[in-house]
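Visitor: sequence below, structure please.
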Amino acid sequence: MSTLSPSESIKEIVRLLFRIQVREDKVFISFLKMLERNGFKVIDFDEISRRITGYSTVTSLENILEILERFALSYSFEVTTILKARSINRIVNNVKLLSRKEGSFRKLYEHKNTLSYVFYKRRWWLIQIIKNKSIVKIVLLRKQVSPLDTLTPYYYTFYNIRDILSVKEEILEDLKDIISLLNT
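Guide: Just a heads-up that it's a prediction; the model follows:
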């Protein structure tokens, strides 16, 4: 887990969490090893149901895309970043101030230890601040979320890597902007 710092390589802290269904006519273990050789980190797999869960960074997307097209029956993924905050209270105050001042941060809900906001720059983002763990989770959204919506996987699950590759630089720029806004 990275700390909340814009000086880090943003490409390395953005994670794509994948759920993959492997085709029946492909060798499961070969596919698994190919993914790992190309920077994919396996979290869990089930050889019987032919499913793999894991993550990749933005930098290895092109390599993984080619492998997925050859071996995967289907896949879905989320674009997320989880950062450890040095001063969670300062971040909470910054977000609350920015939501009143600029309107770019809109509150979705607030619970005892969790604040959730949506943010829009070039894309829609969900920002969850988990106060008791000093964690900020930033998730790319497929579409706008209103405070009245129930946040379901529909909003943050993607099904085509090419959609992300075509806007990769915009995503990275948005994340840099979000991190610097949170740190102001």
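Visitor: without its sequence neighbours, what residue ends up closest to R70?
Guide: Excluding the flanking residues, the one nearest R70 by C-beta to C-beta, 6 or more residues apart in numbering is K26, at 7.6 Å. C-beta: built from backbone N, CA, C; applies to glycine.
Visitor: ok, now how distant is that neighbour from K137?
Guide: K26 sits 33 Å away from K137, taking C-beta to C-beta, to the nearest Å as the criterion.
Visitor: so the two - more neighbours on which side?
Guide: Between K26 and K137, K137 has the larger neighbour count (other C-beta atoms under 10 Å), namely 16 against 13.
Visitor: tell me what the more buried one is bridged to.
Guide: When assigned by DSSP bridges, K137 has beta-bridge partners I82, Q128.
Visitor: go ahead and confirm it touches T81.
Guide: Yes - with contacts counted by C-beta atoms under 8 Å, K137 reaches T81, the gap being 7.4 Å.
Visitor: give the contact list for the residue most central in space within the chain.
Guide: With the centre of the chain defined as its mean C-alpha position, the nearest residue by C-alpha atoms, centre = their mean is T80, 1.2 Å away. Contact partners of T80, counting by C-beta atoms under 8 Å, 6 or more residues apart in numbering, are V14, R15, L16, L17, K137, I138, V139, L140, Y156.
Visitor: next, count neighbours for the first one.
Guide: Going back to what we said before, that points to V14. By other C-beta under 10 Å, 23 other residues sit near V14.
Visitor: now it: closest residue in space, sequence neighbours ignored.
Guide: In space, and not counting its chain neighbours, V14 is closest to V58: 4.8 Å by C-beta to C-beta, 6+ apart.
Visitor: give the rounded mean pLDDT of stretch 177-184.
Guide: Average pLDDT, stretch 177-184: 82.
Visitor: next, the buried residues of the helix or strand hosting the residue nearest to the centre of the chain.
Guide: T80 is part of strand 72-84, with elements assigned from DSSP states H and E. Going by neighbour count (16 or more other C-beta atoms under 10 Å), the buried part of strand 72-84 is A72, Y75, F77, E78, V79, T80, T81, L83.
Visitor: again, but for stretch 38-53
Guide: Within stretch 38-53, the residues that count as buried by 16+ other C-beta under 10 Å are N38, F40, F45, R50, I52.
Visitor: do stretch 105-118 as well
Guide: Within stretch 105-118, the residues that count as buried by 16+ other C-beta under 10 Å are F105, L108, L115, S116, Y117, V118.
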